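Colleague: Make a model of this:
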Amino acid sequence: MKKREFIVQDLLSKIYQEEFKEGKLPNQRKLAEIYGVSRFTIQQAVKNLEEIGIVRVIQGSGIFVHEKWRNNPLIFNSLTRTPYDRIGSKMIDLKKAPATLEEQKIFQVNELEEIWTFERIRIVNYKIEQLEISKMPVSMFPDLNQQVVEHSIQNYVERKGYRISHYITSYDPITISKEQSQLLLCKRGTPAMQITNRAILEDGQVFEYSSIIAIDYSVTYIRPFDREIHRSRID
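Modeller: Here you go, the predicted model:
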């Protein structure tokens, strides 16, 4: 684990244990002494915490724990902790076709319904990190186009009047194929993670099904301990 990642996780742990009096962290010079690293490494770690909404930095005053940090259901990786203006997408393909049997089951549609399929690469801080293939029902999103695909799908969906509820996500380790390596600009056989998402609206409708190949697949979860579920698994 990189020093910066260790510091981020360690500070998160201390924040959740409420170790910082009055919600204020030590200054960057002190943190650099504590962790035995350069101030630049500390700056990067603090920047990560700031970008995911855990701390706020006030120039001349210090680093403070964000007042609403406990409300952050935190799952962060290279995408979720990076501001939107440093994330880009480039569409490779966009087409629609009658729903396959599998797509009919996923979206609860009949064989006459059409499904969009688009492929795009995700670019984070000017580096290609993900290859994504997604599917969406044409009946719900008849005007899907390249401009939408190369920007935020979430913003597009909510602008259409839908309300996003949650995502069901699974992770499977893989190695990059020859075709994928050409798009991701990496070596064939490079370790990666295949991330499968079902995106669900408040009414229970699946509006997007995606398969993502991620080169940078490091991820940190912070989740509350559910005592009732824990007990039910023991009984």
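
Colleague: For the rest of this, base every contact and every neighbour count on C-alpha atoms.
Modeller: Noted.

Colleague: Angles on the backbone of S13, please.
Modeller: Backbone dihedrals for S13, given as degrees, to the nearest 10, come out at phi -60, psi -50.

Colleague: Over to L101?
Modeller: Taking degrees, to the nearest 10, you get phi -60, psi -40 for the backbone angles of L101.

Colleague: And for it, the neighbour number?
Modeller: The local packing count at L101 equals 11, with neighbours defined by other Cα atoms under 10 Å.

Colleague: Could you verify that H151 is part of a strand?
Modeller: No: with DSSP: H, G, I helix; E, B strand; the rest coil as the criterion, H151 is assigned coil and is not in a strand.

Colleague: In terms of secondary structure, what does the helix or strand hosting Q182 contact?
Modeller: When secondary structure is defined using DSSP states H and E, the element that contains Q182 is helix 178-184. Using 3 or more Cα pairs under 8 Å, 6 or more residues apart in numbering; DSSP states H and E as the contact definition, the elements that helix 178-184 packs against are strand 127-137.

Colleague: now do 10 Å
Modeller: strand 114-124, strand 127-137, strand 206-214 (3 or more Cα pairs under 10 Å, 6 or more residues apart in numbering; DSSP states H and E).

Colleague: Show me which positions of that helix end up buried.
Modeller: Of the residues in helix 178-184, those buried by neighbour count under the rule 16 or more other Cα atoms under 10 Å are Q180, S181, L184.

Colleague: can you check stretch 195-208 too?
Modeller: I195, T196, N197, R198, A199, I200, L201, V206, F207, E208.

Colleague: partners of the first one in the sheet?
Modeller: Okay, so that is I195. When bridges are assigned using DSSP bridges, the partners listed for I195 are Y171, I212.

Colleague: pretty sure it contacts S211?
Modeller: Yes: contact status for I195 versus S211: in contact at 5.7 Å, counting by Cα atoms under 10 Å.

Colleague: Contact partners for the closest residue to I106 other than its chain neighbours?
Modeller: With sequence-adjacent residues excluded and distances taken as Cα to Cα, 6 or more residues apart in numbering, I106 is closest to V206, at 7.1 Å. With Cα atoms under 10 Å, 6 or more residues apart in numbering as the criterion, the residues that contact V206 are I106, F107, Q108, M136, P137, I164, S165, H166, Y167, R198, A199, I200.

Colleague: Just the pLDDT for V206.
Modeller: At V206, the predicted lDDT confidence score is 92.

Colleague: Bridged to it, which residues?
Modeller: I200.

Colleague: do you know how far it is from P137?
Modeller: In this structure, V206 lies at 9 Å from P137, with Cα to Cα, to the nearest Å as the measure.

Colleague: Tell me where the protein has strands.
Modeller: Assigned by DSSP state E, the chain shows strands spanning 24-25, 55-58, 62-65, 74-76, 87-98, 114-124, 127-137, 164-175, 191-201, 206-214, 220-222.

Colleague: any idea which of those scores lowest on pLDDT?
Modeller: Going by mean pLDDT, the lowest-scoring of these is strand 74-76, which has a mean of 53.

Colleague: before we move on, the earlier item: which residues make contact with the helix holding Q182 from outside it?
Modeller: Under the criterion Cα under 10 Å, 6+ apart, residues 92, 120-123, 127-131, 175-176, 186-190, 213-215 lie in contact with helix 178-184.

Colleague: Surely L112 and A99 touch.
Modeller: Yes: assessed by Cα under 10 Å, L112 is found in contact with A99 at 7.0 Å.

Colleague: thinking again about what came up before, make JSON lines out of the strands of the chain and add distance to F6.
Modeller: Putting the strands of the chain into JSON lines (distance: least, Cα to Cα, whole Å) gives the following:
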{"stretch": "strand 24-25", "distance to F6": "16"}
{"stretch": "strand 55-58", "distance to F6": "17"}
{"stretch": "strand 62-65", "distance to F6": "18"}
{"stretch": "strand 74-76", "distance to F6": "14"}
{"stretch": "strand 87-98", "distance to F6": "24"}
{"stretch": "strand 114-124", "distance to F6": "21"}
{"stretch": "strand 127-137", "distance to F6": "22"}
{"stretch": "strand 164-175", "distance to F6": "22"}
{"stretch": "strand 191-201", "distance to F6": "21"}
{"stretch": "strand 206-214", "distance to F6": "21"}
{"stretch": "strand 220-222", "distance to F6": "11"}
